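Student: For reference, the sequence and a predicted model appear below.
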Amino acid sequence: MGGKMDKMNWKKIIITVISEIAAIVCAIYGGTQIQVNKMNNYLNSRIVNIAGDNNTITINDWKDLADAYSDLQEENATLKQDNSTLKQQNEQYFSDYTEQKELNESLKSQVSGSPDLMFESLGLSIDGEKIPVDTNNSIVNINGREYWSREIAIKLLPETESYSKEDGNINVGRVLADKTDLFGLYVNSKNSGVLDNGVVKDSFNNSHANVFINNGLNSNITFVLDGKYSKLKISAVIREGCRDSQTASFTVKTDDGEVVYSSPAMNVKTEPYEVTDIPINNCNLLTIECSADDSDWNLILYDAVVYN
């Protein structure tokens with residue numbers, strides 16, 4: 001009886017131990033699995049996947065996410081600045097395009113209204129003698145009007161003639177000037193007589209300024225004209241205070257002493273008179289000679305103008 005009880009007790013003890021070991025193993029296994037699950041959940045909570053166009057960004061920590069967000073903000077600011085710059089460049093390009101387009105339209109308009117041109121390459125002969133000139137496009141016809149080259153035009157001038165461009169005019173040979181006060185020109189020579197800028201009175205009580213007055217029986221004065229004038233206008237009268245019997249006259253001479261005008265004899269009763277268009281023929285020197293029948297200062301010449 002006692003032996004059987006011992007065997008039964010041992011069996012119970014062994015079963016109990018085995019059960020407890022199994023429980024412990026199960027507990028240990030179950031607890032480990034729980035910890036593993038917790039660890040997986042923790043790790044999963046610490047992993048963030050951000051999906052974009054053809055991109056996936058894996059961030060292992062929320063701090064990493066914040067840093068990545070900050071980087072993206074900086075990149076976005078840079079892109080905005082680049083976009084603003086590109087926008088300004090685009091506006092400038094559009095402005096340049098508009099300006100070029102307007103210029104192109106203007107040029108097209110000018111071309112549409114351009115004249116008809118026809119060039120000819122002609123040489124030059126004078127009295128059968130061939131003159132060397134550049135014949136390439138030497139003549140051009142513009143809208144029916146013919147123009148010759150400067151070289152040909154010069155060759156057509158006599159060798160003794162020169163040309164110049166002045167005051168919107170092409171001058172060949174002598175240059176003609178506008179009307180000029182004769183008494184204001186350069187005096188080449190003078191024999192007796194006086195150029196007076198003051199005021200003198202004639203026998204009719206008229207006042208005159210800028211005059212030439214003879215002094216003595218004969219007076220003369222010569223002016224330099226340089227061939228610039230073709231005509232003379234001059235007025236004459238007897239000075240106040242002269243005797244009735246006194247007379248005076250004047251003569252106009254050009255180069256080489258050629259007489260181009262002689263006045264009648266005047267006295268105190270001769271009214272002031274003017275003579276115009278005296279042909280002085282573009283002379284270089286113009287001389288006025290005065291003569292009187294006594295030595296008094298009796299003849300006044302005034303309003304002397306040379307012109308063309």
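Tutor: Nice, thanks for sending it over.
Student: Could you list the low-confidence segments of this protein?
Tutor: For the chain, the stretches with pLDDT under 70 are 1-65, 110-113, 160, 173-177, 295-297.
Student: Correct me if wrong: Leu301 contacts Asn210.
Tutor: No - at 10.2 Å, Leu301 does not count as touching Asn210 under the criterion of CB atoms under 8 Å. (Glycine included, C-beta is placed from N, CA and C.)
Student: more crowded one of the two?
Tutor: Taking other CB atoms under 10 Å, Leu301 and Asn210 do not tie; Leu301 has more neighbours (24 against 16).
Student: what ranges do the helices span in the protein?
Tutor: 2-45, 62-112, 150-155 (DSSP state H).
Student: which residues are contacting the last one?
Tutor: Looking back up the chat, that one is helix 150-155. Contact partners of helix 150-155, identified using CB atoms under 8 Å, 6 or more residues apart in numbering, comprise 124, 126, 131, 133-134, 138-139, 163.
Student: Quickly note the distance from the spatially most central residue of the chain to Tyr97.
Tutor: Nearest to the mean C-alpha position of the chain, counting by CA atoms, centre = their mean, stands Leu103 at 18.0 Å. Taking CB to CB, to the nearest Å as the measure, Leu103 falls 11 Å from Tyr97.
Student: try Asn90
Tutor: 10 Å.
Student: Kindly report the same for Ala265.
Tutor: Counting by CB to CB - Ala265 and Tyr97 are separated by 88 Å.
Student: How many neighbouring residues does Asn214 have?
Tutor: Neighbour tally, Asn214, other CB under 10 Å: 28.
Student: can you tell me how far it sits from Ile221?
Tutor: Distance, Asn214 to Ile221, using CB to CB: 10 Å.
Student: which neighbours do the two share?
Tutor: In contact with both Asn214 and Ile221: Gly193, using CB under 8 Å, 6+ apart.
Student: wait, doesn't Val200 sit right on Val237?
Tutor: No - taking contacts as CB under 8 Å, Val200 lies outside contact range of Val237: 9.9 Å.
Student: joint contacts of those two?
Tutor: Common neighbours of Val200 and Val237 (CB under 8 Å, 6+ apart) are 208, 300.
Student: Have a look at those two and say which one is more surrounded.
Tutor: Using other CB under 10 Å as the criterion, Val200 and Val237 rank with Val237 on top: 25 against 18.
Student: Pairing partners for Val199 in the sheet, please.
Tutor: Beta-bridge pairing for Val199 (DSSP bridges): Ala209.
Student: what about Asn90, how many neighbours?
Tutor: Residues near Asn90, counting by other CB under 10 Å: 10.
Student: nearest spatial neighbour of Tyr307, skipping sequence neighbours?
Tutor: Lys179 (3.5 Å; CB to CB, 6 or more residues apart in numbering).
Student: what residues go with each domain of the protein?
Tutor: What automatic domain parsing lists as the domains of the chain is 59-86, 119-172, 180-307.
Student: Just the buried ones out of the contacts of helix 150-155, please.
Tutor: 124, 133, 138 (16 or more other CB atoms under 10 Å).
Student: residue contacts, the closest residue to Cys283 other than its chain neighbours?
Tutor: Nearest residue to Cys283, sequence neighbours excluded (CB to CB, 6+ apart): Thr254, at 3.7 Å. Applying CB under 8 Å, 6+ apart, one finds that Thr254 lies in contact with 260, 280-281, 283, 285-287.
Student: out of those, which are buried?
Tutor: 260, 280, 283, 285-287.
Student: Let's see which of the residues you listed end up in strands.
Tutor: The strands in this structure, assigned by DSSP state E, contain 260, 285-287 from the buried ones among the contacts of Thr254.
Student: and the residues you listed, which two are the farthest apart?
Tutor: Distance extremes for those: the farthest pair is Val260 and Leu285 at 12.4 Å, using CB to CB.
Student: so what's Ser164 bridging to?
Tutor: When bridges are called by DSSP bridges, Ser164 pairs up with Asn171.
Student: Count the residues that sit near it.
Tutor: 10.
Student: Leu157 now?
Tutor: Leu157 has 12 neighbours, counted by other CB under 10 Å.
Student: Surely it touches Asn171?
Tutor: No - when contacts are counted by CB under 8 Å, Leu157 is not listed as touching Asn171 (11.5 Å).
Student: joint contacts of those two?
Tutor: Common contacts of Leu157 and Asn171 (CB under 8 Å, 6+ apart): Tyr163.
Student: How much space separates Gly144 from Ile152?
Tutor: Counting by CB to CB, the gap from Gly144 to Ile152 is 19 Å.
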